[in-house]
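Asks: Quick one, fold the following:
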Amino acid sequence: MSTDKRQGWRARWQAAWQALGGVDTDVSRPPAAPPSVRGPLLDNLISVLPVPAILLDQAGTVLAFNLAAIDIAPVLQQGQSVLLALRVPALVDAIRQAQAARLSQRVEFEQRVPRERYFEAFVNPISLPGDQVDQRADYLLITFNDLTPLRRVEQMRADFVANASHELRTPLAALLGFIETLQGRAKDDAPAREKFLGIMRDQAARMARLIDDLLSLSRIELNAHVRPVAEVELTAVLRQVADSLQMLARDRGVAIHLSLDEPITIAGDRDELVRAFENLVENALKYGADGKRVDIVARRGAAQNGDPEAQVIVRDYGPGIPPQHLPRLTERFYRVNATTSRAQGGTGLGLALVKHILNRHGGRMTIDSIEGNGATFTAHLPILATNTKNQAESAR
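Replies: Numbers count the residues shown, from 1 in each chain. Next up, the predicted model:
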């Protein structure tokens, strides 16, 4: 929360507190508000809080709540018991303990409906001036913090470590096994030694690719908040990518067809863009080789909001991708077929890298595929404003 917003709601809170009869050293201020206006002031007091909040009396009846609290407890109503709206056993226990002991309580809980979410709740006993002089009224203030983003990050981190460990353990186990064999019965077997050394080289290369992808992903995520500003000519990048993968294309018996518009300039990091399009084209060559053709198309188009954009399309004519896999293709270590992916030298991070690179460039990726009819990956990237202006002028 920004400093200005924090100071704003704090000032409104203090004003409401003073109006309710809170301590105020400024004698020039008006006296405490009469009981007839205390209800609206309590509503204002709660409404300015920056987090979901519910105010209860000592009996647990709802006195006030803000809009954010309705998202957690949609059936909240003033004048009713809070237990009718909050049916979380741990939170109910915390409320009862706070009522009995007049001590603050903290509890974590989760909601499954309408979607999975995690919260922490603070139940704080507070006292406000009563209707009579020297009288205090006891209340309970419940505030909530949404822990869902934090929990998701923790789960992603745990899954990432588990997947990375598994991916590294497999080739490492193979290396150790062949080393033991070479030190044992195959020590003097020259043909076996050459065969095993070749397999060991492949496994070591697989580990190197995985580590390289992990480091690249880490660097991209570290700079995700920094948009590249250098001018990059996109069609030149695509020609470089096609040239660099011609040998792989020949080995797979696949022809690369380029269809590029006039030069398109975008703001970007050239090395990252080369890496992204190399991953897309290499995947098409490896997994769509049966189609014997890969198309690379670069054209101008319009984004969803109407702004001009560059569209880079990489299409193969292979077996395609089953529809149930499409939403998860850009997840780290997600594979449609793990055996095929590893046999092709894949690390499971290629499309995740593409997604993060495009996101850093203010772009996005769409994926279309019909089983038996290949797959189409389209990168959408914003075009530089000056580039768009020059294009319009040349069209006059």
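Asks: how's the chain carved up into domains?
Replies: Here the domain parsing of the chain from automatic domain parsing is 3-146, 149-222, 227-395.
Asks: Would you mind finding the most buried of those domains?
Replies: domain 227-395 (a mean of 17; mean count of other Cβ atoms under 10 Å). Placement of C-beta: from N, CA and C, glycine included.
Asks: Neighbouring strands - and their directions - for the lengthiest strand in the chain?
Replies: Secondary structure of the chain per DSSP state E: the longest strand is strand 117-129. Note on strand 117-129: by DSSP bridges, its sheet partners are strand 105-111 (antiparallel), strand 136-146 (antiparallel).
Asks: Can you name the residues in contact with the longest one?
Replies: To tie it back to what came earlier, the one meant is strand 136-146. 49, 51-58, 60, 63, 68-69, 72, 82, 95, 98-99, 102, 117-131 (Cβ atoms under 8 Å, 6 or more residues apart in numbering).
Asks: picking up where we left off before, return the member of the strands paired with strand 117-129 having the minimum mean pLDDT.
Replies: Of all the strands paired with strand 117-129, the minimum mean pLDDT falls on strand 136-146 (a mean of 88).
Asks: which strands and helices sit next to the helix or strand that that one is followed by?
Replies: Moving toward the C-terminus from strand 136-146, the next helix or strand (DSSP states H and E) is helix 148-183. Packing contacts for helix 148-183, counted by 3 or more Cβ pairs under 8 Å, 6 or more residues apart in numbering; DSSP states H and E, involve strand 117-129, helix 190-222.
Asks: JSON lines please, covering those and showing mean pLDDT.
Replies: Shown next, in JSON lines, are the helices and strands packed on helix 148-183 (pLDDT from 0 to 100):
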{"stretch": "strand 117-129", "mean pLDDT": "88"}
{"stretch": "helix 190-222", "mean pLDDT": "82"}
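Asks: Quick one: closest of those to Leu41.
Replies: Nearest of the helices and strands packed on helix 148-183 to Leu41, taken as Cβ to Cβ: strand 117-129 at 10.0 Å.
Asks: Name the residues that touch the closest one?
Replies: 20-22, 32, 72, 91, 94-95, 97-99, 102-111, 135-148, 150-151.
Asks: Off-centre distance for that strand?
Replies: 30 Å (Cα atoms, centre = their mean, to the nearest Å).
Asks: Kindly export that strand (C-alpha atoms) in PDB.
Replies: Output in PDB follows, covering the C-alpha atoms of strand 117-129 (Å, rounded to 0.1, in the frame of the first residue of the first chain):
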ATOM      1  CA  ARG A 117      -8.300 -19.600  -1.100                       C
ATOM      2  CA  TYR A 118      -6.300 -19.200   2.100                       C
ATOM      3  CA  PHE A 119      -6.600 -16.600   4.800                       C
ATOM      4  CA  GLU A 120      -5.300 -15.500   8.100                       C
ATOM      5  CA  ALA A 121      -7.700 -13.900  10.500                       C
ATOM      6  CA  PHE A 122      -7.000 -11.700  13.500                       C
ATOM      7  CA  VAL A 123      -9.700 -11.400  16.200                       C
ATOM      8  CA  ASN A 124      -8.900  -8.400  18.400                       C
ATOM      9  CA  PRO A 125     -10.900  -7.300  21.400                       C
ATOM     10  CA  ILE A 126     -11.300  -3.500  21.500                       C
ATOM     11  CA  SER A 127     -13.100  -1.000  23.800                       C
ATOM     12  CA  LEU A 128     -14.800   2.100  22.700                       C
ATOM     13  CA  PRO A 129     -16.600   4.800  24.800                       C
END
